[in-house]
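**Student:** here is a sequence together with a model predicted from it:
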Amino acid sequence: MWLFPRHTGEGVMKIRFTKMHGLGNDFVVLDAISQRFVPNPAQARYLADRHFGVGCDQILVVEKATLPGIDFRYRIFNADGGEVEQCGNGARCFVRYVVDHGLTNKREIKVETRSGIIAPRLEDNGEVTVDMGVPRFAPNEIPFISDSDAAVQPLRLGAHDIDISVVSMGNPHAVQVVSDVNTAPVAVEGAMIESHEYFPQRVNAGFMQVVDRHAIRLRVYERGAGETLACGTGACAAVVAGIRRGLLDSPVRVSMRGGALSIAWNGPGQPVLMTGPATNVFEGEIELPEEL
Ligand SMILES: N[C@H](CCC[C@H](N)C(=O)O)C(=O)O
């Protein structure tokens, strides 16, 4: 049944949505298969606004796949309206959404994203495991203005240098090691790193505290959203960075302010596996101004 956005005549569209979160990283999920609506940047910002809209870190759009043998396409928009390549917490919510809404009878699906195919699987215990693909380090694949793909590189930040590990999980991450995530300058340095000139597409900034060789604490200042309570691709990038630095051994428990993920990576050329929860919050309908 085709449900188009209902134009009520008073200059608004009624849009159905589902609110979900992955460890407090929260999403507005839109089913663009049954409701022909994909937000433009201004509409995305409106939906994400925590005062005038629904409020979320990212908007996830469910679409039919365009490639053979693939089940769905998954588009991700940050709260600032920008469309991005990947979202780990969103991938877990994605598979829960399509299963709960009867869009598939599978428990493991293949999903087309801007950065390639991922394979989320809904486990019997309700958690979700996602093959997040192979991490990439070449500067042109991040993109990062550098002539090195070394595990650690200096980055000039104001008057001092910090040491970062640059990793792409389809989306760009710059991860640094700190002694205590609770006192790390996430708000100030996160914003400076996010918009650093050496990251032409901007970047997600991770702050990782090593607890032991199988456990870290992590905070992430996300590109286009600011600090979130959890970041799935950020957890993947931090574990990959820590293993490349010789500080961690797979698997690693990543504790973030919204909760913990289990991340496994067996080394270069291998995919990163992420396991964690996906939570429904509520279903709703919003009146979206048509003129946005
Ligand atoms: N802010 C990210 C997208 C969302 C990633 C995050 N929410 C996750 O769970 O991976 C970016 O601009 O690349």
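**Tutor:** Here it is on my side, so go on.
**Student:** show me what contacts S168?
**Tutor:** Listed by CB atoms under 8 Å, 6 or more residues apart in numbering, the contact set of S168 reads S115, P135, R136, F137, E141, I142. Backbone N, C-alpha and C define where each C-beta goes, glycine included.
**Student:** now with 10 Å?
**Tutor:** Remark: with contacts taken as CB atoms under 10 Å, 6 or more residues apart in numbering, S168 is in contact with 85-86, 115, 133-139, 141-144, 203, 233, 237, 240.
**Student:** equivalent analysis for H196, please.
**Tutor:** Taking CB under 10 Å, 6+ apart, one finds F144, I145, L155, R156, L157, I164, A174, R202, V203, A205 in contact with H196.
**Student:** list buried members of the contacts of S168 by neighbour count.
**Tutor:** 85-86, 115, 133-137, 139, 141-144, 203, 233, 237, 240 (16 or more other CB atoms under 10 Å).
**Student:** near the ligand too, which of these?
**Tutor:** The overlap between the buried ones among the contacts of S168 and the neighbours of the ligand (CB under 6 Å from any ligand atom) comes to T233.
**Student:** so which of the buried ones among the contacts of S168 belong to helices?
**Tutor:** When DSSP state H defines the helices, the subset of those inside them is T233, A237, V240.
**Student:** do I have it right that the first one meets Q58?
**Tutor:** No. No contact is recorded between T233 and Q58 when judged using CB atoms under 10 Å, the distance being 11.2 Å.
**Student:** quick one: residues contacting A32.
**Tutor:** By CB under 10 Å, 6+ apart, the contact list for A32 reads V38, P39, V61, V62, E63, K64, R73, R75.
**Student:** what about the first one, neighbour count?
**Tutor:** The number of residues packed around V38, counting by other CB atoms under 10 Å, is 15.
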